[in-house]
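>>> what follows is a predicted structure for the sequence shown.
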Amino acid sequence: MKVLYITYDGLTDPLGQSQVLPYVIGLAKKGHDFTILSCDKPINYQKNNSLIQKICDTNNIKWESVKYSNKIPVISSVWNILKLNIKTKKLITTHQYKILHCRSYLSSLIGLAFKQKVNIKLIFDMRGFWADERIEGGIWGLNNPIFNKIYNYFKKKEIEFIKYSDQIISLTETGKTEILAWNINNINPNKIQVIPCAADYKLFTLNSIDKKKIAKQNLMLNENTFVVSYIGSIGTWYLLDEMLEFYSYLKTTKSDCKFLFLTPDDKQIILNHGEKYGLTPNDFIVKFSPRADLPKYASASDISIFFIKPSFSKKASSPTKMGELMAMGIPIICNNNVGDVELIINKTKSGYCLNDFSPDSYKIAIEQINNLMNINPSEIREKSKEFYDLEKGITLYNDVYEKLSS
């Protein structure tokens, strides 16, 4: 099956390397003929171009890239889409693609236009309710007439993507249920395949007592120090203040503890927010780690937490860090009303979900920590594979491709 895979995210970005390439490589091994078209930031392209090209060549994947621009809001995005559109037209006239696989909404603008012009199957790989994420994340303000028009435009396009695509990929069952409730013509449960963000189980290996001990030593910690970790960026959706407040309550029950942040963000932001909760620099270890080294430091975790702002758009969200932590067998404390997070936590019995961010909820969660520490890490890892195993995700994508070829 000849496939043109269009992603607005760069293949040279960390996201492209973790959430696009592994799937495409696995599908290429199943015999599919891929061309990936991506929109790459110049700094990342310059740094990673040779590596990505080598990976693609090794796996018989063709790769085309256009230069990402963000100098002028909105106009730069239109220019990026235009460049992708021109490149897509050249590729489609040269190759006999059977499937256009479009990742998220901006790529799907291009896919829908060509779906209406040529005989080709369209996959709308939505990755979340993108337009609503822009509003709820404060990126677009509806009081701004330009952003108001853009939002309404994409909500109309969202319906068209759902209606006219041949297959839809949702990250969550909750998102799928929401879409079906809209009662759009030409939409039924079989048209929507749920595939969460997969974890790399070869990279995020099972944690152990020895690994945890070594990780704590590498961080200059006593092996008995209780380590709470947070992995990833702290902007937009992640509730830094609530996580710090939770930690301040945890400190009253565990005198020897540290909050480990593995993040690319500025340490001073964390320290400044921490002051509001009586926390000092001594409470924190803030470190940036390349993705390949994350398990080395995350292994120090006794538990890991992430609190995400609950909202409508988060119904369709699948936190990448959740699968990675579970692959390592690390118990999680998080909050509900975010995608399938609560469903997965309850089904795998691998953590605890807060109902809200009140002191009472924090205290109840803290009371659960001893129980969480008694969970066998290998059980967390094995149960998580039902949801996050990359090979299962590849199989589900392959089933979609085979279905569209019949």
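Cool, the structure landed.
>>> now K287. Its backbone dihedrals?
phi -140, psi 140 (degrees, to the nearest 10).
>>> which ones are touching it?
Applying CB atoms under 8 Å, 6 or more residues apart in numbering, we find K287 in contact with 219, 260-263, 297. Where you see a C-beta, it was placed from the backbone N, CA and C, and this is true even at glycine.
>>> beta partners of it?
L262 (DSSP bridges).
>>> what's the pLDDT at it?
K287 is assigned 96 on the pLDDT scale.
>>> relative to I209, how far out is it?
22 Å (CB to CB, to the nearest Å).
>>> quick one: list the elements packing against the strand ranked longest in the chain.
Criterion DSSP state E: the longest strand present in the chain is strand 33-40. Under the contact criterion of 3 or more CB pairs under 8 Å, 6 or more residues apart in numbering; DSSP states H and E, strand 33-40 touches strand 2-7, helix 21-29, strand 62-67, helix 75-94.
>>> tell me how far the third one lies from the chain's centre.
For strand 62-67, the gap between its own C-alpha mean and the chain's C-alpha mean amounts to 22 Å (CA atoms, centre = their mean, to the nearest Å).
>>> what angle separates it from helix 75-94?
Angle of strand 62-67 versus helix 75-94, following axes from the mean of the first three to the mean of the last three CA atoms, to 10 degrees, is 150 degrees.
>>> in strand 62-67, what's buried?
Residues of strand 62-67 classed as buried: 63-66 (neighbour count, 16 or more other CB atoms under 10 Å).
>>> can you list contacts of the lowest-mean-pLDDT helix or strand in the chain?
Least confident element among the helices and strands of the chain, by mean pLDDT, DSSP states H and E: helix 14-19 (a mean of 87). Residues outside helix 14-19 that contact it (CB under 8 Å, 6+ apart): 7, 9-11, 38, 48, 52, 197-198, 200, 291, 320.
>>> thinking again about what came up before, and the helices and strands packed on strand 33-40, which is most packed in?
strand 2-7 (a mean of 24; mean count of other CB atoms under 10 Å).
>>> average pLDDT for it?
98.
>>> just put the helices and strands packed on strand 33-40 in a markdown table and tack on distance to T172.
Listed next are these as a markdown table, based on distance: least, CB to CB, whole Å:
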| stretch | distance to T172 |
| --- | --- |
| strand 2-7 | 20 |
| helix 21-29 | 17 |
| strand 62-67 | 29 |
| helix 75-94 | 26 |
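>>> so for K363, which of the ones you listed sits nearest?
Among those, the nearest to K363 by CB to CB is helix 21-29 (39.8 Å).
>>> now do that closest one: which elements does it pack against?
So helix 21-29, by 3+ CB pairs under 8 Å, 6+ apart, packs with strand 33-40, helix 42-58, helix 390-405.
>>> against T174, how distant is the most centrally placed residue in the chain?
Among the residues of the chain, T320 comes closest to the average C-alpha position under CA atoms, centre = their mean, at 4.1 Å. Separation of T320 from T174 (CB to CB) stands at 17 Å.
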